[in-house]
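*Asks:* Could you work out the structure for the sequence below:
(one chain, ligands or ions: 2)
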Amino acid sequence: MFEWSGELEVGVPEIDRDHRSLLCQARVLDEAVKANDPGISRELGALILITEAHFRWEEGSMREHGYEGYGGHKADHDHLLKQIYTLRDELAAGRVDVSSSLLTLFIQVWTRKHIVERDRAYASYLRSSVQPS
Ligand SMILES: [Fe+2]
Ligand SMILES: [Fe+2]
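*Replies:* Numbering: from 1, shown residues only. Ligands and ions are numbered 1, 2, ... in the order given. Model (predicted):
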């Protein structure tokens, strides 16, 4: 479920490297959830930090390269962060039944969907715009 696969590769080393760490941390979180480990919120916190840093990098790169899809991509990031912050708060308040693995299913779905749709589109733009002439 959290394994890296070729379909997730976008061809920009910085982005692919970040996505690998995101998936890796998502897997750690998934294992904590399955084991009903008390470290769940710490692992979720780590995933949030990796995600925030990665989104900042992508957004800075998009602005720097005058990417026309910036607005939509940034809105997608903001939406994802809002959802993950809500999950963190719900988890802290004890309102999320983590044993259902809903949390990890949610993360898996949005991560892959965003990578395959938004990130791949930006990566093709970036690769063509920084191509040496
Ligand atoms: Fe993105
Ligand atoms: Fe990304």
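*Asks:* and the longest helix along the chain, what does it pack onto?
*Replies:* Within the chain, and with DSSP state H defining each element, the longest helix by residue count is helix 40-64. Packing contacts for helix 40-64, counted by 3 or more Cβ pairs under 8 Å, 6 or more residues apart in numbering; DSSP states H and E, involve helix 13-34, helix 70-92, helix 120-129. Placement of C-beta: from N, CA and C, glycine included.
*Asks:* Can you tell me what sits against that helix?
*Replies:* Outside helix 40-64, the residues within contact range by Cβ atoms under 8 Å, 6 or more residues apart in numbering are 14-15, 18-19, 21-22, 25-26, 28-29, 32-33, 37, 69-70, 73-74, 77, 80-81, 84-85, 87-88, 91-92, 98, 103, 107, 119, 122, 126.
*Asks:* ok so, going back, I'd like the helices and strands packed on helix 40-64 as TSV, with mean neighbour count, distance to ligand 1 and mean pLDDT appended.
*Replies:* Putting the helices and strands packed on helix 40-64 into TSV (neighbours: other Cβ atoms under 10 Å; distance: least, Cβ to the ion, whole Å; pLDDT from 0 to 100) gives the following:
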stretch	mean neighbour count	distance to ligand 1	mean pLDDT
helix 13-34	17	8	90
helix 70-92	14	6	91
helix 120-129	16	7	95
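*Asks:* The longest helix of the chain vs helix 13-34, what angle?
*Replies:* Counting by axes from the mean of the first three to the mean of the last three Cα atoms, to 10 degrees, helix 40-64 lies at 160 degrees to helix 13-34.
*Asks:* Model confidence at Leu102, what's the number?
*Replies:* The confidence metric pLDDT takes the value 59 at Leu102.
*Asks:* give me every residue that touches Asp119.
*Replies:* 10, 15, 19, 58.
*Asks:* Pick out the residue closest to the middle of this structure.
*Replies:* Taking Cα atoms, centre = their mean as the criterion, Thr111 is the residue nearest the geometric centre of the chain, at 4.7 Å.
*Asks:* Look up how far Gly45 lies from that one.
*Replies:* With the distance defined as Cβ to Cβ, to the nearest Å, Thr111 ends up 17 Å from Gly45.
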